[in-house]
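Q: No letters, just coordinates:
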């Protein structure tokens, strides 16, 4: 089953050292490179990317048939969506295990959501 792992953190904390999958403290980019290599080697990576800072976001709403476009995210939060991994795991337990190893989990939150498979 495919799971989307959404990475939320305070953008200002993205420069910290965090543990890589092997537990070694590394700069954030190095830790993400190690994690990405690990999920590729396990054969579960189906996609993923980092996102531009939240200041580059545009939100669109349609109310009463009228489109409303605004700069920034939909809601003010302490953590911003910074990226994602799309993983193909045997079950939720494996997805949770892998999500817990994403470097951003050390400074933020990883939301794990199953992909709805349409027939």
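A: Yep, that arrived. Because the structure is a prediction, the values reported are computed rather than measured.
Q: tell me which helix or strand of this protein sits lowest on mean pLDDT?
A: strand 17-19 (a mean of 71; mean pLDDT, DSSP states H and E).
Q: Now do it: which elements does it pack against?
A: strand 25-27, helix 28-41 (3 or more CB pairs under 8 Å, 6 or more residues apart in numbering; DSSP states H and E). C-betas here are computed from N, CA, C, even on glycine.
Q: can you give me the mean pLDDT across the helix or strand immediately after the last one in the chain?
A: Scanning the chain past helix 28-41 towards its C-terminal end, the next helix or strand to appear is strand 45-50 (assignment: DSSP states H and E). Per-residue pLDDT over strand 45-50 has a mean of 95.
Q: Pull out the buried residues from strand 45-50.
A: 45, 48 (16 or more other CB atoms under 10 Å).
Q: got the angle between it and helix 28-41?
A: Angle between the axes of strand 45-50 and helix 28-41 is 160 degrees (criterion: axes from the mean of the first three to the mean of the last three CA atoms, to 10 degrees).
Q: Give me the residues contacting strand 45-50.
A: Residues from elsewhere that reach strand 45-50 (CB atoms under 8 Å, 6 or more residues apart in numbering): 2, 32, 36, 39, 82, 83, 84, 85, 86, 87, 88.
Q: how about 6 Å then?
A: Strand 45-50 is contacted from outside by 39, 83, 84, 85, 86, 88, using CB atoms under 6 Å, 6 or more residues apart in numbering.
Q: how far is it from where the chain is centred?
A: From the chain centre to the centre of strand 45-50 is a distance of 9 Å (CA atoms, centre = their mean, to the nearest Å).
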